[in-house]
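K.L.:
Show me how the following folds:
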Amino acid sequence: MNRLSTRTGIGVEDVRRTFVEYFEERGHRTVTGSTLLPPPGDPVLFTTSGMHPLTPYLEGRPHPLGRRLVNVQRCLRTTDLDEVGDLTHLTVFEMLGTWSLGDYELPQSIEWGYRLLTEGFGVDPGRLHTTVFGGDERSGPDTGSLETWRRLGVPVELTVDDNWWSGGPTGPCGPDSEMFLWTGDTEPRSTPTGDDRWVEVWNHVSMRYRTRPDGTLEPLPRRNVDTGLGLERLTTLLQGRTSVFDCDVFTPWRRHLPLLWGDLDETSTRLVTDHLRSSLVVLGDGVRPSSTGRGYVLRRIVRRVLTTLWRDDPTRELVDLPGELIEHTRDHFRQDTDPGLVRDVLLDEERRFRRLLDVGRKVLDRPRFRGPLTEDDLRHLHDTHGLPRDLVQNLRGEPAPSTPQTPTPQMR
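P.N.:
Numbering: from 1, shown residues only. From the prediction side, this is the model:
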């Protein structure tokens, strides 16, 4: 009972192609996935979801390709950066998405999603469960989704907060219905909110409202549908894996990294794999390490790799990174990247970080900095010696802050 799919040998490229073709056959036009960089003027540093580049169209602007869209969008999220190293979290990932811009509504989207999972990907219907918005004081229950799932014979759990999608305190929002797959070794039991062996795989949002600054809702000019599911997560589930790092997306990494740094523990191997791969993608989209903004995020990710590698063996070097991994990442994300340039940037950042660590150790060994540090101490270390707070905390063995999605103080 541990297999989700009756199909064998399905790979990530098969999943991507099957998804896109399925919706193209149903009148959706393919939107070329944009880079990780959001449009000019967007305050967010990186694209975080498939709908992010389409926000103006969800708010009413006509899309040049029409009212039914499908795409595969690469995304970067740093909000879960401290979770990377577990079985599921990735920094850079790909989001499969579909949209109806004032065309069909949630029941149609749900039925297509169910048919694709069960007939297209061979998922056993008995291993599906769903959740639906049950209603609150602002909006009534999503009866259309509830009736659709009941007609399809799929169990439904009603929730409130878990099934209301919002991109922030203001902006487009609405009820959603989430699809879950059972990953346990027993017969399915309980519900998605009662057993974490139910894994969310696909979210279907009825984006019909806009949240005003005062928290009240106003109807959007048209009712839209926005769906999204992670390509790597879906592939992992269809392949019957428990870790996203065990699906075929990471096959070259599993082959090469043990030969380079084979004595890394499993958690560290996952972190190094994710962060190196994410760094390659960010570099491929034209970002370079710097002291602020996107370059700061890239610098933090690279330095987390180096900190992990050097924790047990300071002689490890990125010069050993095989070219195949750079090229595989470039090809998978369809980037036009010079592998030699990418390698040069990584090695330059590695040299820069080694020099900064040498300076930091010498400075922090001074009597003034051996005890608890004050805010004045931290400002002095940054302004005088170029040692940012997170690096100081790292050298002192203290927890480092999470990497933000907004501009940050300078990091040299």
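K.L.:
Point out where the chain drops to low pLDDT.
P.N.:
1-8, 399-412 (pLDDT under 70).
K.L.:
Could I get the full set of helices for the stretch 1-150 of the chain?
P.N.:
12-24, 55-58, 106-115, 143-152 (DSSP state H, counting those that start in this stretch).
K.L.:
Residues contacting the second one, please?
P.N.:
For helix 55-58, the external contacting residues (CB atoms under 8 Å, 6 or more residues apart in numbering) are M51, H63, W99, L101, G167, G171, P172, M207, L220, N224, D226. C-beta: built from backbone N, CA, C; applies to glycine.
K.L.:
Show me the residues you listed that map onto strands.
P.N.:
Per DSSP state E, strands hold the following members of the contacts of helix 55-58: W99, L101, G171, P172, M207, L220, N224, D226.
K.L.:
buried subset of those?
P.N.:
Listed as buried from the ones in strands among the contacts of helix 55-58 are W99, L101, P172, M207, L220, N224, D226; burial here means 16 or more other CB atoms under 10 Å.
K.L.:
Would you point out the most distant pair within those?
P.N.:
The span of those, defined through CB to CB, is set by W99 and L220 at 13.2 Å.
K.L.:
how far away is L341 from T148?
P.N.:
Distance of L341 to T148, given as CB to CB, to the nearest Å: 50 Å.
K.L.:
So between these two, which is more surrounded?
P.N.:
More crowded of L341 and T148, by other CB atoms under 10 Å: T148, with 22 against 12.
K.L.:
Could you find the closest non-adjacent residue to the more buried one?
P.N.:
P107 (4.3 Å; CB to CB, 6 or more residues apart in numbering).
K.L.:
What count of nearby residues applies to that neighbour?
P.N.:
Around P107 there are 21 residues (other CB under 10 Å).
K.L.:
Tell me who's in contact with it.
P.N.:
P107 neighbours (CB under 8 Å, 6+ apart): G144, S145, E147, T148.
K.L.:
Then T118?
P.N.:
D124, P125, L128.
K.L.:
Could you report the neighbour count for S243?
P.N.:
There are 13 residues near S243, going by other CB under 10 Å.
K.L.:
my read: it touches T236, true?
P.N.:
Yes. Counting by CB atoms under 8 Å, T236 is a contact partner of S243 at 7.2 Å.
K.L.:
if we can go back for a sec, so for D383, which of the helices of the stretch 1-150 of the chain sits nearest?
P.N.:
helix 55-58 (38.4 Å).
K.L.:
chain center to that closest one: distance?
P.N.:
21 Å (CA atoms, centre = their mean, to the nearest Å).
K.L.:
Tabulate the CA atom coordinates of it in PDB.
P.N.:
Output of helix 55-58 as PDB, limited to C-alpha atoms (Å, rounded to 0.1, in the frame of the first residue of the first chain):
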ATOM      1  CA  THR A  55      -0.900  39.300 -10.300                       C
ATOM      2  CA  PRO A  56      -1.900  42.200 -12.600                       C
ATOM      3  CA  TYR A  57      -4.000  39.800 -14.700                       C
ATOM      4  CA  LEU A  58      -5.600  38.200 -11.700                       C
END
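K.L.:
Can you point out the buried residues in it?
P.N.:
Buried residues in helix 55-58 (16+ other CB under 10 Å): T55, Y57, L58.
K.L.:
for stretch 116-131, same thing?
P.N.:
L116, L117, T118, G120, F121, V123, D124, R127, L128, H129, T130, T131.
K.L.:
Would you format those as a markdown table with distance to G194 included?
P.N.:
Putting those into a markdown table (distance: CB to CB, whole Å) gives the following:
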| residue | distance to G194 |
| --- | --- |
| L116 | 26 |
| L117 | 22 |
| T118 | 23 |
| G120 | 29 |
| F121 | 25 |
| V123 | 21 |
| D124 | 20 |
| R127 | 16 |
| L128 | 16 |
| H129 | 10 |
| T130 | 14 |
| T131 | 11 |
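K.L.:
Look up how far E349 lies from L69.
P.N.:
For L69 relative to E349 (CB to CB), the value is 37 Å.
K.L.:
Could you tell me which residues make contact with S279?
P.N.:
Counted by CB under 8 Å, 6+ apart, S279 has contacts L298, I301, V302, V305, L346.
K.L.:
Could you tell me which of the residues you listed belong to helices?
P.N.:
L298, I301, V302, V305, L346 (DSSP state H).
K.L.:
Run a quick neighbour tally on the third one.
P.N.:
Neighbouring residues of V302 were enumerated by other CB under 10 Å; the total is 24.
K.L.:
again, but for the second one
P.N.:
Using other CB under 10 Å, I301 is surrounded by 23 other residues.
K.L.:
got it, and L257?
P.N.:
20.
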